[in-house]
Every structure is written in C-alpha cells, then in structure tokens.
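Participant: Provide a 3D model corresponding to the input given below.
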Amino acid sequence: MDWSRSVYVAGFAGVAVGLGGALVYVKASACKAGPSVPEESNLIRLATAVDGLSRQLSNIQESLGSIEQALKERSAAARAEESEDSADGPHLSMPLSHSQRKGSEYSLASAMQSDAFDTAEEDHTISSDEEDPDSLESFLDRIDALHAKKDNMSVTQKEIFQLLTDRVENSPEDCHLLWRYARAHKTLSDLAKAAGDTEEQKRLIYAGVDLGKRALAVDDKRWQAHQWYAILVGLTSAFESTQAKIANGKIFKEHVDRAIELNSSDYSLYHLLAQWCYAVAGLTWIERNAAKMLYGEPPKSSYDEALSNFREAERLYTGKWKNNKLMIAKCFYGMSNYAETRQWLEEAKETPIVTEEDRTSQVEIEELLLKV
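Facilitator: Numbers count the residues shown, from 1 in each chain. I've put the predicted structure just below:
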C-alpha cells in the first residue's frame with residue numbers, strides 16, 4: 001500500500017546551497033585580488049562550475065514542491081484504506097494510532113511504522129481503553145490526521161498551528177508537541193512563501209528552528225525532533241551568510257545521521273541521505289577544491305554510497321516509488337554501468353504515475369533512456 005513520501009530533502013537543499021555559496025564566495029574573493037590571465041581562466045572555469053551547481057540546486061528546490069504534493073496525495077489514500085481495513089487489525093505497512101502502538105511515534109515521514117520499529121521510550125502511559133478525547137494521545141492523533149489532509153490545506157494547516165499553539169502554552173516541555181509545532185511552522189512557511197510573504201516565511205522558519213532546539217533539549221533521543229530540526233536549519237540557508245550556510249550544512253548532516261541512528265527503519269531518512277551523497281559525489285574537481293578552501297576538508301561521498309542508501313530506501317518503502325528508482329538508475333549512470341542504468345530506468349518507467357513528482361520523474365526517465 002502506498003503511503004506518504006518525505007519532504008525532508010528540504011534540509012538537504014540547505015546543505016547544497018551552503019556549498020554553492022562557498023564557491024561563489026571563493027570566486028568573488030579572487031576577483032577582488034585582480035586575477036592574472038591564468039587566474040582569470042581558472043575563474044571562468046570555476047564560474048561555469050558554479051553555474052552548473054546553481055542549476056542543480058534549482059532542480060532540487062523545484063522537487064521539494066512536488067514531493068510535498070506527493071506526500072499529501074498519498075496520505076489521503078492511505079488513511080482511506082486504513083479505515084476500510086481496520087476491522088482486520090493494523091497492517092505492517094500502515095501507520096498505527098498512538099493507542100494501538102503504545103510507545104511508537106510516527107510522523108508523515110514514517111511510511112511503515114509498527115511495534116517492530118518503536119523507539120526505546122514509551123510515548124504515553126494511558127492505555128487505549130482509558131483514553132479520552134482530551135488525552136495527549138487523542139490530541140496527537142487528531143493533529144497527525146489533520147496534517148495528512150490535502151483538502152483546504154491553508155485552512156487546515158492554520159487550524160493545526162492554532163491547536164498546537166494553545167497546547168504548547170499549557171505543556172511547553174513536551175517533545176511530542178514541540179516537534180509537531182516545529183513541523184507546523186515549516187508548513188506555514190511554505191504557504192507564506194507561496195503567497196510571496198518573505199518576511200513571514202523567514203519568521204516562521206527561525207521560530208521553527210528554535211522549537212526544534214527546544215524539542216531536542218527535552219528529548220534528544222526522539223528521531224523526529226532531529227529530523228525536523230535538520231529540515232528547518234536547512235531552510236535558513238535562504239537568509240544566511242556563506243559561512244553560516246556552511247556551518248548549517250554540517251549541522252543538517254549531523255542530525256540526519258542521528259535520526260537514522262535512532263530509527264533505522266524510516267525509508268525517507270535514507271532517501272534524504274542518499275540525495276546528499278549523490279550531490280556530493282557529483283561535485284567537480286574545481287568545486288571540491290574551492291570548497292576545501294572554506295571547509296578545510298570538503299564533504300566526501302560517492303555514487304556507490306548514494307546507491308546503497310537509495311537501495312535501502314527502496315527496500316523499506318512498501319509501495320512503488322518512481323523517483324527513488326530513477327535515482328538508483330542515475331547512480332549506476334554516474335558509475336558508467338549502463339546495463340543496470342537501463343534496467344532501473346525501465347522499471348521506473350513502468351511504475352504508475354500518481355503524483356506530480358512522478359510526472360516530473362517520468363520526463364527525466366525518458367530523457368536518460370536516450371543516453372543509454
């Protein structure tokens with residue numbers, strides 16, 4: 001059964017933006033020094049590399065919107081199917097309610113949560129037969145159900161935001177509330193961006209970062225807190241200096257790694273990590289050496305490492321994910337293994353188009369098939 005797909009590549013885009021900003025900084029610094037003819041030639045090559053990376057970043061940013069839409073479209077269908085099958089009990093591929101799981105926690109990132117994937121700490125202590133409409137379990141279930149809705153998104157997300165605002169005022173030290181409140185800030189920042197309100201977008205992002213910090217201060221073993229903190233830190237790149245972008249990129253990677261340590265069963269985390277690895281593996285020699293001037297040690301990864309993480313995401317995801325299959329093919333293409341590239345492209349091509357992300361991926365699949 002198809003469920004939701006992650007929007008967490010947002011944070012990854014922040015990492016890449018930080019590196020791109022570093023390259024621009026190096027180029028600008030060299031220009032101020034008054035380059036000689038050989039240096040000028042190097043700058044032209046560097047500028048070309050920067051332009052290429054900028055185009056890559058634009059593609060990543062555009063993909064965020066389509067992945068967000070994919071999330072919403074699949075969420076509604078999954079909840080409808082869960083309702084139909086509830087008489088048979090919870091299935092492994094379905095996200096379960098808090099009362100059913102008694103200690104596991106889920107977010108929209110969780111495609112296949114079950115008792116087998118629980119974190120060590122129990123979420124709450126109230127059993128299902130004692131649960132009342134005002135309990136924390138009921139409240140969290142209501143928030144997650146509202147967040148999964150795709151109808152009247154603006155109205156629904158504002159309702160979520162207000163509900164969480166009121167609840168957090170009464171329970172300011174509850175990690176379960178705080179990371180969801182951070183998530184709500186991210187969602188409303190998207191709406192502000194779509195409306196052209198940059199100042200409100202910025203305010204919501206930075207407020208969300210603060211909430212992420214608070215959630216981690218309360219419970220640094222809650223993987224969703226690491227996840228959403230990483231996303232929001234990545235989103236600050238649009239408003240930060242080059243040095244801050246680089247620092248935030250490192251923070252992002254650290255928290256994604258930590259989230260995986262705490263929950264190695266969430267497919268979206270592996271897809272996010274794989275995207276980071278793929279982008280780093282694709283950096284040119286010029287880009288790596290320019291980054292080294294600011295990083296000291298440039299980020300390292302490979303297509304093989306990216307492939308390993310994409311395959312893990314593929315293994316954990318219970319549905320058919322066209323974009324993930326495409327990215328596996330692109331890893332093989334980067335390693336010049338054209339037979340495997342074509343095999344994965346053909347499999348991706350046959351995967352049904354359900355979301356806007358799928359439609360975008362289909363175009364790229366057909367273009368890459370012409371090259372192998």
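Participant: and W321, what pLDDT?
Facilitator: On pLDDT, W321 comes in at 95.
Participant: That one: neighbour count?
Facilitator: By other C-beta atoms under 10 Å, the residues close to W321 number 25. For every residue, glycine as well, the C-beta is placed using N, CA and C.
Participant: From Q227, how far out is Y206?
Facilitator: Separation of Y206 from Q227 (C-beta to C-beta, to the nearest Å): 18 Å.
Participant: These two: which has the busier surroundings?
Facilitator: Using other C-beta under 10 Å, the more surrounded residue of Y206 and Q227 is Q227, with 31 against 16.
Participant: Name the nearest residue to that one, sequence neighbours excluded.
Facilitator: Of all residues not flanking Q227 in the chain, A259 sits nearest, at 4.7 Å (C-beta to C-beta, 6 or more residues apart in numbering).
Participant: how deep is that neighbour tucked in, by neighbour count?
Facilitator: The local packing of A259 (other C-beta under 10 Å) involves 26 other residues.
Participant: now do P352
Facilitator: Counted with other C-beta under 10 Å, the neighbours of P352 add up to 10.
Participant: Contacts only, for it.
Facilitator: The contact partners of P352, by C-beta atoms under 8 Å, 6 or more residues apart in numbering, come to K320, K322, D358.
Participant: if you skip the residues just before and after it, what's nearest to the last one?
Facilitator: Closest residue to D358 in three dimensions, ignoring its sequence neighbours and counting by C-beta to C-beta, 6+ apart: K322, at 4.7 Å.
Participant: What's the separation between the one you found and S268?
Facilitator: To S268, K322 is 15 Å away according to C-beta to C-beta.
Participant: Just say helix, strand or coil for L204.
Facilitator: Counting by DSSP: H, G, I helix; E, B strand; the rest coil, the backbone at L204 sits in helix.
Participant: Kindly state the pLDDT recorded for C277?
Facilitator: So C277 comes in at 89 (pLDDT).
Participant: Give me the helices and strands touching the host helix or strand of it, please.
Facilitator: Per DSSP states H and E, C277 falls inside helix 267-281. For helix 267-281, the packing partners by 3 or more C-beta pairs under 8 Å, 6 or more residues apart in numbering; DSSP states H and E come out as helix 9-32, helix 37-85, helix 242-262, helix 303-316, helix 322-334.
Participant: Lowest average pLDDT across those?
Facilitator: Taking the average pLDDT of each of the helices and strands packed on helix 267-281, the minimum falls on helix 9-32, with a mean of 42.
Participant: isn't R180 right next to T165, touching?
Facilitator: No - R180 is beyond contact range of T165, at 11.4 Å (criterion: C-beta atoms under 8 Å).
Participant: Any idea how many residues pack against the nearest residue to A184 once chain neighbours are set aside?
Facilitator: Nearest residue to A184 in three dimensions, chain neighbours excluded: F161, at 4.7 Å (C-beta to C-beta, 6+ apart). Neighbour count for F161, taken as other C-beta under 10 Å: 17.
Participant: residues in contact with the helix or strand containing F161?
Facilitator: For F161, the enclosing helix or strand under DSSP H and E is helix 153-170. Applying C-beta under 8 Å, 6+ apart, the contact partners of helix 153-170 are 72, 139, 142-143, 146-147, 149, 174, 177-178, 180-181, 184-185, 187-188, 191.
Participant: Need the buried ones from these selected in PyMOL.
Facilitator: In PyMOL, a selection of the buried entries from those looks like this (16 or more other C-beta atoms under 10 Å):
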select buried, resi 72+139+143+147+149+174+177+178+180+181+184+185+187+188+191
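Participant: All set now, cheers.
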